[in-house]
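Asks: My questions concern the predicted model and sequence given below.
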Amino acid sequence: MARTPLNTDEINAALHELPGWSFAGDALTKSFTFADFQEAVGFMVRLAFHAEALDHHPSLHNVYNRVEIALNTHDAGNKVTEMDVKLAKAIEALT
């Protein structure tokens, strides 16, 4: 199912509700730092359950205690959609 990309105004409005998130490279992005590797991986596992429930699979990059996330929607031409905003809000609730 194709998704509709958000326009710049819609993305900026969403960012007001997402502290620490930014819009770069056609994605919502944020870096998280944890006490250690185990906490970082635990966060990614919890995030994976939320992503799977939405049938949405973010780009995750982990090095030791840091997790970098990029959200965009593949079937919307790798642009930001409401689904990305919804997942970003769910991720915020995990921290």
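Replies: Good, I have the coordinates.
Asks: where does the chain have low pLDDT?
Replies: 1-2 (pLDDT under 70).
Asks: at 90 instead, please
Replies: 1-3, 50, 54-57, 75, 95 (pLDDT under 90).
Asks: ok, which stretches of it are helices?
Replies: Applying DSSP state H to the chain gives helices spanning 8-15, 37-53, 82-94.
Asks: and those, which is most packed in?
Replies: Compared across the helices of the chain, helix 82-94 shows the largest average neighbour count, a mean of 18 (mean count of other Cβ atoms under 10 Å). From N, CA and C alone the C-beta is placed, and that goes for glycine too.
Asks: So which elements touch it?
Replies: Packing partners of helix 82-94 (3 or more Cβ pairs under 8 Å, 6 or more residues apart in numbering; DSSP states H and E): strand 27-33, helix 37-53, strand 66-71.
Asks: what about stretch 47-61, how long is it end to end?
Replies: 13 Å (Cα to Cα, to the nearest Å).
Asks: What is the neighbour count of Val63?
Replies: Neighbour count for Val63, taken as other Cβ atoms under 10 Å: 9.
Asks: distance of it from Ser22?
Replies: Counting by Cβ to Cβ, to the nearest Å, the gap from Val63 to Ser22 is 19 Å.
Asks: Over to His74?
Replies: The value you get for His74 to Ser22, if Cβ to Cβ is used, is 20 Å.
Asks: Go ahead and confirm Met83 touches Thr73.
Replies: Yes: counting by Cβ atoms under 8 Å, Thr73 is a contact partner of Met83 at 5.6 Å.
Asks: Give me the common contacts of those two.
Replies: Arg3, His56 (Cβ atoms under 8 Å, 6 or more residues apart in numbering).
Asks: Pro58 is in contact with Leu47, correct?
Replies: Yes: Leu47 lies in contact with Pro58 (Cβ under 8 Å); the separation is 7.5 Å.
Asks: Give me the residues contacting stretch 33-52.
Replies: 32, 57-58, 60, 62, 64-67, 69, 87, 90-91, 94-95.
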